[in-house]
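**Student:** what follows is a predicted protein model with its sequence.
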Amino acid sequence: MTLLNLKRVAAAAVISLVSIGVVSQAQAAIQDYEFQLVKNEIKKGVSVIAVRLINKVTGKPVPDAVIFASRLDMTPDGMQEMLTKVTPIPSSEPGVYQFKANLSMTGGWQLSLGAKVQGETGSVENKLVIKAVP
């Protein structure tokens, strides 16, 4: 094998290994993201619920995710049929996503969210428990 062919084979091997590494990172990385409540307790009535999407590995907020599913119900108090409308509203802080909702009763409310993170395959899905207080 000539030196030129050896260089070509080595370059192809490096490119293959890098490609495999990039693909495996993208497939496993969706588990590295999660939603976190900014506040666990919120006043009963029409309120703003803020959540932060973070990368658990880096601890950094994740901006520009696409929220495709949201549901707010009283599952923690055994009343999953008691649900309320969730309306996304703008946030000025990168990685923070806000929703307006009417928490009509005090007690435990479960916010279920689904989101797509730019550049990742799969989706982030979390269920967060909020306490509505008087």
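**Tutor:** Noted; the coordinates are in hand.
**Student:** gap between stretch 91-104 and the chain center?
**Tutor:** For stretch 91-104, the gap between its own C-alpha mean and the chain's C-alpha mean amounts to 14 Å (CA atoms, centre = their mean, to the nearest Å).
**Student:** kindly report the same for stretch 111-118.
**Tutor:** Offset of stretch 111-118 from its chain centre (CA atoms, centre = their mean): 4 Å.
**Student:** go ahead and name everything in contact with that stretch.
**Tutor:** Contacts with stretch 111-118, where a contact means CB atoms under 8 Å, 6 or more residues apart in numbering, come from 30, 33, 35, 37, 49, 51, 53, 62, 64-73, 86, 97, 99, 123-130. The way it works is simple: take the backbone N, C-alpha and C, and place the C-beta from them, glycine included.
**Student:** and for stretch 31-45?
**Tutor:** Looking at stretch 31-45 with CB under 8 Å, 6+ apart, the contacting residues turn out to be 48-57, 62, 96-97, 102-106, 111, 113, 115, 117, 120, 124, 126, 128-134.
**Student:** separate out the buried members of the contacts of stretch 111-118.
**Tutor:** The neighbour count (16 or more other CB atoms under 10 Å) marks 33, 35, 37, 49, 51, 53, 62, 65, 67, 70-73, 86, 97, 99, 123-124, 126, 128, 130 as buried among the contacts of stretch 111-118.
**Student:** so which of these sit within strands?
**Tutor:** 33, 35, 37, 49, 51, 53, 67, 70-73, 86, 97, 99, 124, 126, 128, 130 (DSSP state E).
**Student:** state the distance from Gln110 to Val51.
**Tutor:** Relative to Val51, Gln110 is positioned 13 Å away (CB to CB, to the nearest Å).
**Student:** likewise Pro94?
**Tutor:** Pro94 sits at a distance of 13 Å from Val51 (criterion: CB to CB).
**Student:** try Ala101
**Tutor:** Counting by CB to CB, the separation of Ala101 from Val51 is 12 Å.
**Student:** please apply the same query to Gln80.
**Tutor:** Applying CB to CB to Gln80 and Val51 gives a distance of 20 Å.
**Student:** show me what counts as buried in stretch 86-93.
**Tutor:** Buried residues in stretch 86-93, counting neighbours by 16+ other CB under 10 Å, are found at Val86, Ser91.
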